[in-house]
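S.K.: Next input, structure requested:
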Amino acid sequence: MAQATSTQQKDLFEFSAEEEPPGHSATEVEEPPSLRLLRNRQRFFSNVPDENWNDWKWQFRNRITSVEELSKLTPLSIRDQVNMTLVTEKFPISITPFYFCLINPDDPSDPIRKQALPAYEEIALSGILSEDPLEEERDSVMPGLVHRYPDRVLLVVTDICPMFCRHCTRKREWRRGRWVRPAEEIDRMMDYIRSDRRIRDVIISGGDPLTLSTRHLESIIQKIRGIEHVEIIRIGSRVPVVLPQRIDDELCGMLSKYSPIWLNTHFNHANELTDEAKAACEKMLRHGIPVNNQSVLLAGVNDSVERQLKLCQGLLKAKIRPYYLFQADEVEGTEHLRTTVEKGMRIIEGMRGHTSGLAIPTYVIDLPGGGGKVPLQTSYLISRAEGQLVFRNYLGKIYRYHNPKPPASAAGRNARPRVNDLQMALELVAV
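M.R.: Numbers count the residues shown, from 1 in each chain. Reported below is the predicted structural model:
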């Protein structure tokens with residue numbers, strides 16, 4: 001039976017106004033992303049015919065890659081241009097015309113702008129963090145093949161991306177030029193995977209592997225699928241968000257031949273859920289390729305309950321599963337985009353009970369030093385006593401739960417009861 005929360009319990013479980021993650025007011029109305037895309041295309045790229053605009057190769061060839069190009073499309077002060085030029089000497093710029101058209105040019109705090117345009121803080125705060133905080137290079141058994149968990153490996157097949165996200169965990173690769181892993185290195189990776197029968201899950205990453213030609217990508221996937229003990233192939237790509245034109249029938253038809261293949265993509269804000277992006281994911285799904293989303297918690301982009309709810313509910317409507325919400329990695333040049341862990345936990349707790357559990361991603365930290373991913377979860381267990389647990393729910397109300405006694409051990413009735421795994425887990429959470 002529910003009991004009213006005490007003042008002490010409210011102090012413990014309710015957020016103060018200054019701690020609560022910032023959000024939008026109820027009266028705020030945002031322009032639909034596809035409408036903004038249309039307006040900005042007419043404003044900045046009106047001379048580009050549909051045939052070119054819908055061609056992913058045209059989009060890729062015409063990426064914005066300099067501050068000079070950027071200044072012709074969006075108002076930048078002299079100071080902004082100088083600062084951005086200094087930033088791009090260390091951390092280059094790359095934005096597809098499609099994704100650029102999602103930016104509100106009149107809003108300096110626009111969440112799409114923050115992900116795409118260089119910010120002076122990238123170099124002003126660059127000494128604080130690390131180039132490779134996850135120590136991927138240390139865990140690489142050979143160039144481009146990371147083997148951290150026993151049953152899975154990560155293949156970095158290229159460093160080429162259609163867009164350089166300012167929060168990228170492999171920002172260190174931007175200065176190393178454009179490369180694609182040569183066939184002989186891929187073959188050595190395959191030999192390694194073939195030699196370790198524990199490996200059942202292979203993740204193809206980059207850069208962005210969907211920048212490879214369909215034929216080249218198939219040559220890699222075909223080799224992986226030829227290894228008997230590999231069960232699952234995953235592809236990590238932001239292409240559906242920033243270059244959805246790439247998701248064509250040829251690509252999807254090829255991928256469908258090597259099922260099961262899963263696509264993990266990367267929407268961070270509801271303004272990225274354009275009709276084109278949703279159609280690209282729908283095409284993947286119709287070819288039997290499940291689509292998961294892995295967001296990164298970013299300051300001023302999606303660090304509020306309201307923005308996360310809008311994003312995750314929009315993903316579900318598009319049949320995309322909200323999979324992970326990552327705490328931003330400790331990557332050099334990203335400190336200005338990072339939030340506190342406490343804010344992330346409050347956001348997840350603020351979502352709980354106010355939307356379907358399907359819409360709530362697992363909030364995780366990828367631990368520095370190669371420690372791997374650990375989930376961060378708010379504990380709803382208040383106390384534990386003999387035969388009884390005390391919980392609070394998402395509203396802060398208190399509930400008592402009868403905990404059955406563990407079964408007697410095989411040694412006899414008077415033997416000390418064995419603590420089962422569930423009890424151990426509850427005890428650890430309660431500590």
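
S.K.: residues near the closest residue in space to G372 that isn't next to it in sequence, how many?
M.R.: The shortest distance from G372 to any non-neighbouring residue, by C-beta to C-beta, 6 or more residues apart in numbering, is to R148 (6.2 Å). All C-beta spots, glycine's among them, are computed from the backbone N, C-alpha and C. Neighbour count for R148, taken as other C-beta atoms under 10 Å: 19.

S.K.: low-confidence ranges in the chain?
M.R.: 1-29, 126, 408-431 (pLDDT under 70).

S.K.: wait, isn't Q308 in contact with M351?
M.R.: Yes. The criterion here is C-beta atoms under 8 Å, and Q308 meets it with M351 at 6.1 Å.

S.K.: neighbour count winner among these two?
M.R.: Using other C-beta under 10 Å, the more surrounded residue of Q308 and M351 is Q308, with 29 against 24.

S.K.: Assumed that one was part of a helix.
M.R.: Yes. According to DSSP: H, G, I helix; E, B strand; the rest coil, Q308 belongs to a helix.

S.K.: For L316, see how far away it is.
M.R.: Distance check for Q308 against L316: by C-beta to C-beta, to the nearest Å, it reads 12 Å.

S.K.: where do the strands sit along the stretch 251-400 of the chain?
M.R.: Ranges of strands in the stretch 251-400 of the chain, per DSSP state E, counting those that start in this stretch, are 261-265, 291-297, 321-327, 362-367, 372-375, 381-385, 388-392, 398-402.

S.K.: In its sheet, which strands sit next to the first one, and in what direction?
M.R.: So that's strand 261-265. If you go by DSSP bridges, strand 261-265 pairs up with strand 232-236 (parallel), strand 291-297 (parallel).

S.K.: chain center to that strand, what's the gap?
M.R.: Relative to the mean C-alpha coordinate of its chain, strand 261-265 is positioned 12 Å out (C-alpha atoms, centre = their mean, to the nearest Å).

S.K.: Show residues contacting it.
M.R.: 221, 232-241, 255, 281, 284, 289-294, 320, 323 (C-beta atoms under 8 Å, 6 or more residues apart in numbering).

S.K.: which of those count as buried?
M.R.: Listed as buried from the contacts of strand 261-265 are 221, 233-241, 255, 281, 284, 289-294, 320, 323; burial here means 16 or more other C-beta atoms under 10 Å.

S.K.: Got the domain ranges for the chain?
M.R.: Following automatic domain parsing, one finds the domains of the chain at 1-29+381-431, 33-124, 140-375.

S.K.: Tally up the residues packed near R346, please.
M.R.: Other residues close to R346 by other C-beta under 10 Å number 19.

S.K.: measure it to D80 for me?
M.R.: Taking C-beta to C-beta, one finds R346 at 33 Å from D80.

S.K.: With D107 instead?
M.R.: Distance from D107 to D80, counting by C-beta to C-beta: 14 Å.

S.K.: Which one of these two is surrounded by more residues?
M.R.: Set D107 next to D80 and count neighbours by other C-beta under 10 Å: D80 wins out with 19 against 10.

S.K.: hang on, that one in a helix?
M.R.: Yes. Counting by three-state DSSP, D80 falls inside a helix.

S.K.: Can you name the residues that contact G387?
M.R.: Applying C-beta under 8 Å, 6+ apart, the residues contacting G387 are H402, N403, P404, K405.

S.K.: my read: L251 touches R215, true?
M.R.: No. With contacts counted by C-beta under 8 Å, L251 stays clear of R215, the gap being 10.5 Å.

S.K.: Now render the domains of the chain as TSV, adding distance to D132.
M.R.: Shown next, in TSV, are the domains of the chain (distance: least, C-beta to C-beta, whole Å):
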stretch	distance to D132
domain 1-29+381-431	30
domain 33-124	15
domain 140-375	6
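
S.K.: Quick check: which of the ones you listed is buried the most?
M.R.: Here the criterion is mean neighbour count by mean count of other C-beta atoms under 10 Å, and of those the winner is domain 140-375, at a mean of 19.

S.K.: roughly how far out does it sit from the chain middle?
M.R.: With C-alpha atoms, centre = their mean, you get 7 Å for domain 140-375.

S.K.: Tell me the span between the first and last residue of that domain.
M.R.: End-to-end distance for domain 140-375, by C-alpha to C-alpha, to the nearest Å: 24 Å.

S.K.: May I ask which helix or strand encompasses the residue nearest to P118 when sequence neighbours are not counted?
M.R.: Excluding the flanking residues, the one nearest P118 by C-beta to C-beta, 6+ apart is V87, at 4.0 Å. V87 belongs to helix 78-90 when assigned by DSSP states H and E.

S.K.: Where do the helices of the stretch 51-200 of the chain begin and end?
M.R.: 56-61, 67-73, 78-90, 97-100, 111-116, 121-124, 183-195 (DSSP state H, counting those that start in this stretch).

S.K.: how about the ones you listed, which one is nearest G177?
M.R.: Closest to G177 of the helices of the stretch 51-200 of the chain, according to C-beta to C-beta: helix 78-90, at 14.5 Å.

S.K.: From the rest of the structure, what touches the closest one?
M.R.: Contacts of helix 78-90 (C-beta under 8 Å, 6+ apart): 66-67, 70-71, 76, 93, 117-120, 122-123, 126, 175, 333.

S.K.: do stretch 205-220 as well
M.R.: By C-beta under 8 Å, 6+ apart, the list of residues contacting stretch 205-220 from outside reads 60, 154-162, 170, 173, 180, 183, 186, 204, 235-239, 243, 246-247, 250-251, 254.

S.K.: so which of the helices of the stretch 51-200 of the chain gets nearest C312?
M.R.: When those are ranked by proximity to C312, the top entry is helix 111-116, at 15.1 Å, counting by C-beta to C-beta.

S.K.: how close does G344 get to A328?
M.R.: Taking C-beta to C-beta, one finds G344 at 9 Å from A328.
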